[in-house]
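Undergrad: pasting the sequence and the predicted coordinates here, then a few questions.
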Amino acid sequence: MNRIQKYLILILTFNIHFLALASDSLVYFSMEGAILYSSSKKISPTWPDIELHLKKNGTKPGKGCVAQYNGSFWKFFNPTGWLIVDSIADISKAEERAFLIRKNHALGLISFQGKLLAKPIHTEIKYESGFWQTKEQNIITIKDKKQNKIRTYRYEYFFPFDNGFAVYGVDGQKGIINMATDVRTTEPVYDEVQKFNDTLFLVRKKENVGLLNREGEIVVPVDFQGIEKDESDYMRLKRVRGKTVTWGMSNYRGRIVIPPLYDEIAAITSGLFPVKKNNLWGYFDTNGQKIIEFFYDSYGSFVSSGLAAVKKSGQYGIIDKKGTWVAFPEYDAVQYVNDTVWIWRRGDLSGFYSVPKRMGIPYMYSWLQTTNGGFVLFKQSGKYGLLSASREVILKPDWEKITVFEKERIIIAMKDDFYSIFYFNGNLKVFMNYPFSRFDPYKEGMAMVVHKNKYGFIDKDGLLLVSTQYDEARPFNSGIAAVRIGEKWGFVDSKEKFIVPPHYEEVQSFSIGAAIVKKSGKYGLVNKQGKEISKTIYSNITALSTGNFLLEWNGRFGIADNTGVETINPIYKDVYEIAPNIFKVRDFLKYFLVDINNNRISETDYDDIYYSPTTAQYIFIKKHTWKAIQP
């Protein structure tokens with residue numbers, strides 16, 4: 001018989017005997033666990049009164065244990081009248097000569113002779129190879145930043161969220177606890193609990209899910225098979241009945257605005273939900289009223305002017321928020337430009353559609369596409385040009401490529417492998433007599449360019465500030481760019497001065513004053529003055545978001561700050577920065593905390609440690625283990 005079967009026997013035995021005792025107030029057991037006497041009469045929960053009652057009913061005390069029920073909980077006395085344990089919720093009899101008790105969702109064990117074999121602090125108890133074995137609950141200790149103990153819990157499962165709440169587990173079920181107030185907002189009745197957002201929790205019972213708020217109140221009943229976040233203040237509700245899947249929509253207060261009756265619901269657009277039923281789309285408002293009938297093959301999002309592109313019978317048109325056709329469905333594609341103009345395409349020709357005139361503008365193009373800054377790219381005779389949003393020609397169609405940089409307010413146009421820079425009004429700013437094969441987007445006012453397979457950088461005035469002489473380069477970051485000459489990398493500034501000479505096999509971008517470099521297969525750190533502040537001796541280095549660096553050396557981990565100082569020697573098997581300059585480290589099998597200077601600030605025997613930034617609390621967990629006890 002395996003362990004699971006043994007445990008199931010205990011649970012089954014527990015259920016049978018709990019039902020048998022439920023109507024009794026007093027139960028007297030023999031040394032073999034048999035029931036010698038039981039009574040449903042109310043009796044004072046003191047041993048003298050219990051002893052007197054047994055004698056009056058012809059039963060001699062001292063032959064075994066006595067269980068007394070006070071209306072809410074059981075008390076358990078040994079044969080001599082000593083109270084072994086009280087506030088017991090359930091009692092069951094296990095076949096291996098012991099009583100299984102349950103108190104505060106935890107299990108304990110009492111022998112038939114009245115010896116407390118295991119306190120009720122365990123998650124599982126089993127009998128195997130002649131021994132009882134117990135597994136204790138996890139011990140969760142909450143401490144403040146100064147490591148002062150706030151409280152202690154005992155649960156079989158505990159996981160803190162980043163909003164000050166945690167999920168706890170008892171008997172395989174989960175609930176929610178407020179770590180700041182120490183209030184269990186829900187009992188452990190769910191199979192799974194997840195954080196949905198900062199104020200809601202997703203809970204699951206079997207195949208059904210629902211939502212609870214921070215107070216444990218039901219926001220969405222646990223009656224759906226899926227809940228998905230929408231891009232707005234709404235969420236989709238999924239219902240499955242057999243092979244049929246339907247969807248509804250609810251707000252975050254739990255009000256169902258669209259019942260779960262539809263094939264699909266898209267994200268809200270200008271106050272309307274696109275809804276699909278029987279392969280056709282319509283639109284509902286936030287009160288669940290159908291505003292536009294199910295009629296369209298595909299839906300579109302409404303733009304600021306209250307119009308949307310939709311598809312009907314394989315063709316696209318434009319409707320308003322009442323479902324009235326603004327442009328009939330007679331185009332292969334339509335695209336929004338601004339509140340008065342749309343782009344249309346029919347076959348190999350494209351043109352504009354005037355919303356005020358409700359008609360297509362006859363001037364034809366072979367291609368139209370909106371781009372940054374409200375401009376429209378167009379194509380004629382295989383060449384590109386640029387129009388303003390009001391359809392004025394900015395650049396004539398004689399370019400091979402046009403790119404708009406909205407932030408720099410310039411336009412880059414290329415033909416015959418030469419680039420020119422234009423102002424937004426189309427006036428020529430500068431003509432660059434370099435036949436660049438590549439022109440990357442601007443970053444920090446510099447654009448990376450390639451000429452004859454060599455990399456360099458130009459500014460928005462077209463000045464080649466970093467000449468095209470490098471075999472590879474990366475965009476500027478913090479005023480410095482990584483460049484490669486041959487097989488070696490270094491760093492240059494915007495004046496093409498080498499900050500870090502090209503000595504390295506690999507480099508990463510600067511992160512808060514330092515950059516990771518690799519030489520001879522090992523990693524180190526350099527600063528912006530080109531100094532190697534950490535020698536290239538590590539097997540790996542990772543930049544952390546706080547500005548520190550995780551060091552790896554021969555399978556062990558440590559920390560360096562952004563000046564390259566090795567503040568925590570690489571002696572640990574794991575290192576995690578769980579709070580600013582506070583690290584969870586593991587040596588052998590257990591975790592503990594150290595500060596940035598490797599000063600130990602906690603005990604060293606934890607199985608896991610978390611930090612809650614919301615409550616500024618540390619959560620220390622000691623996990624349960626199996627232990628054997630003599631029956």
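TA: It's in.
Undergrad: the helices in the chain, which residues?
TA: 3-21, 47-56 (DSSP state H).
Undergrad: can you flag the weakest of those helices by average pLDDT?
TA: Mean pLDDT per stretch puts helix 3-21 lowest among those, at a mean of 37.
Undergrad: residue contacts, residue 339?
TA: Going by C-beta atoms under 8 Å, 6 or more residues apart in numbering, residue 339 touches 303-305, 355. In short, each C-beta sits where N, CA and C put it, glycine included.
Undergrad: apply 7 Å and report the result again.
TA: Shown in contact with residue 339 (C-beta atoms under 7 Å, 6 or more residues apart in numbering): 304-305.
Undergrad: and for residue 467?
TA: 456, 496.
Undergrad: check residue 448 too.
TA: Contacts for residue 448 (C-beta under 7 Å, 6+ apart) come out as 440, 455, 457, 473, 475.
Undergrad: again, but for residue 234
TA: 249-251, 268.
Undergrad: ok, of the residues you listed, which come out buried?
TA: Among these, those buried by neighbour count (16 or more other C-beta atoms under 10 Å) are 249-250, 268.
Undergrad: list just the nearest of the residues you listed to residue 593.
TA: residue 250 (42.0 Å; C-beta to C-beta).
Undergrad: just the pLDDT at that closest one, thanks.
TA: 95.
Undergrad: that one pairs with what?
TA: Going by DSSP bridges, residue 250 is paired in beta bridges with residue 235, residue 256.
Undergrad: wait, doesn't it sit right on residue 220?
TA: Yes. Using C-beta atoms under 7 Å, residue 250 makes contact with residue 220 at a distance of 5.9 Å.
Undergrad: shared neighbours, those two?
TA: residue 237.
Undergrad: out of the contacts of residue 448, who has the most neighbours?
TA: residue 457 (28 neighbours; other C-beta atoms under 10 Å).
Undergrad: quick check, that residue in contact with residue 465.
TA: Yes. Under the criterion of C-beta under 7 Å, residue 457 makes contact with residue 465 at 5.6 Å.
Undergrad: rewinding a little: nearest to residue 121, of the contacts of residue 234?
TA: Nearest to residue 121 among those, with distances taken as C-beta to C-beta, is residue 250, at 41.2 Å.
Undergrad: which residues does the closest one contact?
TA: With the criterion set at C-beta under 7 Å, 6+ apart, residue 250 makes contact with 220, 234-235, 237, 256-257.
Undergrad: which among the residues you listed gets closest to residue 416?
TA: Using C-beta to C-beta, the contacts of residue 250 come closest to residue 416 at residue 234, 52.8 Å.
Undergrad: and for residue 350, the neighbour number?
TA: Neighbours around residue 350, by other C-beta under 10 Å: 23.
Undergrad: again with the one 5 residues further on
TA: For residue 355, the tally of surrounding residues (other C-beta under 10 Å) stands at 19.
Undergrad: what are the phi and psi values at the closest residue in space to it that isn't next to it in sequence?
TA: Of all residues not flanking residue 355 in the chain, residue 340 sits nearest, at 5.0 Å (C-beta to C-beta, 6 or more residues apart in numbering). Main-chain dihedrals, residue 340, degrees, to the nearest 10: phi -110, psi -10.
Undergrad: that older thread, so which of the contacts of residue 234 would you say is closest to residue 73?
TA: Minimum distance to residue 73 across these is 40.7 Å, recorded for residue 250 (C-beta to C-beta).
Undergrad: where's that closest one relative to residue 224, distance?
TA: 9 Å (C-beta to C-beta, to the nearest Å).
Undergrad: give me the common contacts of these two.
TA: residue 237.
Undergrad: give me the mean pLDDT for stretch 525-543.
TA: Here the average pLDDT along stretch 525-543 is 95.
Undergrad: so who does residue 245 touch?
TA: By C-beta under 7 Å, 6+ apart, residue 245 lies in contact with residue 238.
Undergrad: let me fix that: residue 480
TA: So residue 480 contacts 491, 493, 499, 510, 528 (C-beta under 7 Å, 6+ apart).
Undergrad: identify the farthest-apart pair in these.
TA: Pairwise over the contacts of residue 480, using C-beta to C-beta, the maximum falls at 493 and 510, 11.4 Å.
Undergrad: how much space between the closest residue to residue 366 other than its chain neighbours and residue 344?
TA: Residue nearest to residue 366 in three dimensions, not counting chain neighbours: residue 379, with 5.0 Å by C-beta to C-beta, 6+ apart. Distance, residue 379 to residue 344, by C-beta to C-beta: 15 Å.
Undergrad: which neighbours do residue 457 and residue 465 have in common?
TA: Shared contacts of residue 457 and residue 465, counting by C-beta under 7 Å, 6+ apart, come down to residue 446.
Undergrad: ok, the contacts of residue 448 vs residue 25, which is closest?
TA: The closest of the contacts of residue 448, once distances to residue 25 are taken by C-beta to C-beta, is residue 475, at 80.2 Å.
Undergrad: I'd say that closest one and residue 443 touch.
TA: Yes. Between residue 475 and residue 443 there is a contact at 4.3 Å, judged by C-beta under 7 Å.
Undergrad: so residue 611 makes contact with residue 618?
TA: Yes. Applying C-beta under 7 Å, one finds residue 611 in contact with residue 618, separated by 5.6 Å.
Undergrad: quick one, which of these two is more surrounded?
TA: residue 618 (25 against 20).
Undergrad: what does the pLDDT read for that one?
TA: In this prediction, residue 618 has a pLDDT value of 95.
Undergrad: what do you get for residue 100?
TA: 92.
Undergrad: burial of it, as a residue count?
TA: Count around residue 100 with other C-beta under 10 Å applied: 23.
Undergrad: what's near enough to touch residue 35?
TA: Per C-beta under 7 Å, 6+ apart, neighbours of residue 35: 27, 29.
Undergrad: okay, and the beta partners of it?
TA: residue 29.
Undergrad: what of the one 4 residues further on?
TA: The partner list for residue 39 in beta bridges (DSSP bridges) reads residue 26.
Undergrad: I figured it hits residue 27, correct?
TA: No. Between residue 39 and residue 27 there is no contact under C-beta under 7 Å: 8.2 Å.
Undergrad: mind checking which of these two has more residues around it?
TA: residue 27 (21 against 16).
Undergrad: wouldn't that one be in contact with residue 38 here?
TA: Yes. Using C-beta under 7 Å, residue 27 makes contact with residue 38 at a distance of 4.8 Å.
Undergrad: contacts for stretch 581-600?
TA: 559, 561, 567-569, 572-578, 601-609.
Undergrad: pull out the buried members of these.
TA: Using 16+ other C-beta under 10 Å, the buried ones in those are 559, 561, 567-568, 572, 575-578, 602, 606-609.
Undergrad: okay, now residue 254: neighbour count?
TA: 16.
Undergrad: what's the closest non-adjacent residue to it?
TA: Per C-beta to C-beta, 6+ apart, closest to residue 254 is residue 219, 3.9 Å.
Undergrad: now residue 190: closest residue in space that isn't a chain neighbour?
TA: Nearest to residue 190 is residue 203, by C-beta to C-beta, 6+ apart, at 4.4 Å.
Undergrad: who does that neighbour bridge with?
TA: residue 193, residue 210.
Undergrad: ok, now which ones touch the most centrally placed residue in the chain?
TA: What sits nearest the mean C-alpha location of the chain, by C-alpha atoms, centre = their mean, is residue 195, with 8.4 Å. If a contact means C-beta under 7 Å, 6+ apart, then residue 195 has 161, 163, 201 as its contacts.
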